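Participant: A structural model of the following input is requested.
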Amino acid sequence: MDIAPAKQRVSIYNMKRLGLPYGDKTLQIEVDDKYILDVISMHGSPSGSAEKTLIDAIKNPLEGKSLLDFIGNAGRVNIIVNDTARPTRTGLVLSVIHEFIEDRDIDFLVATGAHRAPSKQELMKIFGKQYDAYKEKITIHDAGDDSLLDHIGKTRYGNDIWLHRMIARNDKTLIIGSVEPHYFAGYTGDRKALLPGVAGYRTIEKNHKLALDANARPLKLDGNPVHEEMLDRTAAVGAERLYSIQMILDERQNVHLAYTGPIVRTLEIATDAIRQLFVAKIRTKAEIVVTVAQHPFDIDLYQTLKAIEHGRQALAQGGILIVVSPCPQGLGPKSFARLFETVDSIDAAAHQAKSNYRLGDHNAYNLMTLRNQAEIWAVTDIDESTLRTASISKFQTLQIALDNAIGLKGRERSVLFLLNGSMTVPEIV
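Facilitator: Okay, the predicted model is just below:
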């Protein structure tokens, strides 16, 4: 397979050449144009100043208090920021609001959820130019350290709410984040900074078990139990103590839109704009879907599941899903990776998810249900034996995988390319 700089499609008789992202490289493939149902990328966003977009949002909150009024005469203020698993422009936001917070008594809490702690280099990437100014004020959440948690109530599902004590005890909390579709929470955004972001491991585990519900799916909030429990967490903290700065980023991770105001309200307003940017309308499902995980969602198989789940939305029953993701960090978090170490197959893991759920098991259940719908193939750096446990077939090149899929599908062959499967959700119209 040729690796070359990205090029636009070139027609050679009826052949089309496509360049698909693969880490920092581009995979060049050729496919007969008559098989292509669609090539989907994120919708373009207008160019403009990211700083101006953020400043305008801060000056014009959606409702209620401005950021300055929210901080007001508060004592200690905590600022929650995402880890590197989200493409949030945290450093840029901190540069814009620096004048509001530089003389305040503040702490920063990195919302890792159940992810590993970021390295110093990753923290420097998160905080950008503001790292040196704030490095002594940064705390990294550790969901497994019970001594750092406070119990603040129960959710509507009877699950205990354990929260990092900095949030439970500090006067005010500012949440900086970004909003994208999420494959079982409906959307990412503000309330996810609390759960799973700074929650205890047991609380995260109980919440993620709700992902086994059929209503836990992309773009759905009403009736989604994962989202509903996140709302309960927000209510338990006290909405008046929380303020949100949320961004919508385009495919180049530029700030497309920004919103400030009460927590959850920023998410509610953002969803319409998100659908315009992230949702791809399609008229029919394809027999073959090629879904690409782009950075940072291509770092491991756990993050790549977003591209898998979004790709399945466009896949016909009995089809073939080809996942393109290098996964340099392998399987991902231990809670997910152990599924491949302690069971012989994804069927066994899925059975375990139903009978004795542990964090990460919902992903095994989702993979099993997808495998019952279709074949899952992958172009990745993960070793073949590991993938086999998840009933995923590995191919050395995308061209070989695509040619094989087209050959198997015969007369029914139709191919849909989802160039940013982690961020784009196909929807039948």
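
Participant: Show the residue spans covered by the helices in the stretch 1-150 of the chain.
Facilitator: 50-59, 67-71, 90-101, 120-127, 131-134 (DSSP state H, counting those that start in this stretch).

Participant: which one of the ones you listed lies closest to residue 429?
Facilitator: helix 50-59 (29.9 Å; Cβ to Cβ). The C-beta positions use only the backbone N, C-alpha and C, and glycine is treated the same way.

Participant: Compare the helices of the stretch 1-150 of the chain and give me the one nearest residue 331.
Facilitator: Among the helices of the stretch 1-150 of the chain, the nearest to residue 331 by Cβ to Cβ is helix 120-127 (19.0 Å).

Participant: got the buried residues for that closest one?
Facilitator: 123-124, 126-127 (16 or more other Cβ atoms under 10 Å).

Participant: again with stretch 29-40
Facilitator: 29, 31, 35-40.

Participant: Contact partners for the residue lying closest to residue 202 once chain neighbours are set aside?
Facilitator: Closest residue to residue 202 apart from its sequence neighbours, by Cβ to Cβ, 6 or more residues apart in numbering: residue 162 at 6.3 Å. The contact partners of residue 162, by Cβ atoms under 8 Å, 6 or more residues apart in numbering, come to 146, 149-152, 199-200, 202-203.

Participant: Show me how to select, in ChimeraX, the buried members of those.
Facilitator: A single ChimeraX command is used to select the members of these judged buried by 16+ other Cβ under 10 Å:
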select :149,152,199,200,202,203
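
Participant: Now render the contacts of residue 162 as TSV, adding pLDDT and distance to residue 382.
Facilitator: Formatted as TSV, those follow (pLDDT from 0 to 100; distance: Cβ to Cβ, whole Å):
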residue	pLDDT	distance to residue 382
146	95	33
149	96	34
150	95	39
151	95	39
152	93	39
199	97	29
200	97	30
202	94	29
203	96	30
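
Participant: which one of the contacts of residue 162 is nearest residue 337?
Facilitator: Of all the contacts of residue 162, residue 337 sits closest to residue 202, with 19.6 Å by Cβ to Cβ.

Participant: Take the helix or strand hosting the closest one, keep the C-alpha atoms, and write them as PDB.
Facilitator: Residue 202 belongs to helix 201-209 when assigned by DSSP states H and E. This file holds the C-alpha atoms of helix 201-209, laid out as PDB (Å, rounded to 0.1, in the frame of the first residue of the first chain):
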ATOM      1  CA  TYR A 201     -14.500   4.400  40.100                       C
ATOM      2  CA  ARG A 202     -17.600   2.700  41.500                       C
ATOM      3  CA  THR A 203     -19.800   5.600  40.400                       C
ATOM      4  CA  ILE A 204     -18.300   5.500  36.900                       C
ATOM      5  CA  GLU A 205     -18.800   1.700  36.800                       C
ATOM      6  CA  LYS A 206     -22.500   1.900  37.800                       C
ATOM      7  CA  ASN A 207     -23.100   4.700  35.300                       C
ATOM      8  CA  HIS A 208     -21.400   2.900  32.400                       C
ATOM      9  CA  LYS A 209     -23.500  -0.300  33.100                       C
END
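
Participant: what does it rub up against?
Facilitator: Defining contact as Cβ under 8 Å, 6+ apart, one finds that helix 201-209 is touched by 113-114, 143-144, 157, 159-163, 184, 195-196, 199, 226, 229-230, 357-362.

Participant: which of those are buried?
Facilitator: Buried residues within the contacts of helix 201-209, counting neighbours by 16+ other Cβ under 10 Å: 113-114, 143, 159, 161-163, 184, 195-196, 199, 226, 229-230, 357-362.

Participant: List the strands paired with the strand or helix carrying residue 243, with their directions.
Facilitator: In this assignment (DSSP H and E), residue 243 forms part of strand 242-249. Strand pairing for strand 242-249, determined by DSSP bridges: strand 172-178 (parallel), strand 255-262 (antiparallel).

Participant: Relative to residue 396, which of those strands is closest?
Facilitator: Nearest to residue 396, of all the strands paired with strand 242-249, is strand 172-178, at 34.7 Å by Cβ to Cβ.

Participant: now the angle from the closest one to helix 90-101?
Facilitator: Relative orientation of strand 172-178 and helix 90-101, computed by axes from the mean of the first three to the mean of the last three Cα atoms, to 10 degrees: 150 degrees.
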